[in-house]
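Enquirer: can't give you the sequence, but here's the structure:
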């Protein structure tokens, strides 16, 4: 089965992995509300020619998950967007790329990294979800550099609290890979030398099995994602506010 983002994906000139988390089904047959929470790659690349399209989304809040150095080198979302900018880096060690082998495979290697990030960044993830639960403050977008790993985990945790099935969460995660050709074409146009560098496969691949493993093993360690988030500082009031604001 081919998974496509349908009309949840939103195209900008130099932002390639932007999509609505709304429209995904819950286990009881309802859906996540559209136009409330978005996920994205680096919004520091947003161009003023995209101002009208961005404004049409009504976004009032941006939650930036990047490291301080990444924000400094890659830039914040432009001032002309007039959004509230919240910076919440998810605490984790830099990845040791030398540990990757083809025998381990992309899905297993990424799931191991996500496990570590869930453990060391738990308090930060809880703070981000608490921010997102303030739905009455307006639509929000969460992003990092590629919109893949940190953004993927936060999105997975939010969707799990909304009772979206793990397979749907994994399929949404996998959609990031569809954005890579457009991103690489842009890099070739602006920095051919950078584009020519060989990249490890986990840079550009987002196999659904990576998120399936992550969710299954999170349940083995913590019981449920909700149990994990409760231990990380998420209150029942926050969960209820998130559900009331984001489920149709």
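Expert: Sure, I can see it. Small disclaimer: the values here were computed from a predicted structure and weren't measured.

Enquirer: Residue 210 and residue 122, how far apart?
Expert: Note on residue 210: its distance to residue 122, by C-beta to C-beta, to the nearest Å, is 19 Å. All C-beta atoms are positioned from the backbone trio N, CA, C, and that covers glycine.

Enquirer: Sorry, slip of the keys, the one I care about is residue 31.
Expert: For residue 31, the distance to residue 122 equals 28 Å [C-beta to C-beta].

Enquirer: Show me where this structure has its strands.
Expert: In the chain, the strands defined using DSSP state E lie at 19-20, 37-40, 61-64, 84-87, 140-143.

Enquirer: Report the central residue of this structure.
Expert: Centroid check for the chain by C-alpha atoms, centre = their mean gives residue 151 as the closest residue, at 2.2 Å.

Enquirer: now what about the helix or strand of the chain with the lowest mean pLDDT, what contacts it?
Expert: Lowest on mean pLDDT, DSSP states H and E among the helices and strands of the chain sits helix 192-196, with a mean of 84. Helix 192-196 has contacts (C-beta atoms under 8 Å, 6 or more residues apart in numbering) with 184, 187-188.

Enquirer: May I see the residues you listed arranged in a markdown table, with pLDDT and distance to residue 163 as well?
Expert: Formatted as a markdown table, the contacts of helix 192-196 follow (pLDDT from 0 to 100; distance: C-beta to C-beta, whole Å):
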| residue | pLDDT | distance to residue 163 |
| --- | --- | --- |
| 184 | 90 | 36 |
| 187 | 91 | 38 |
| 188 | 91 | 41 |
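
Enquirer: before we move on, back to that, if you count surrounding residues, which of residue 210 and residue 122 has more?
Expert: Neighbour totals were compared for residue 210 and residue 122, and residue 210 leads with 27 against 20 (other C-beta atoms under 10 Å).
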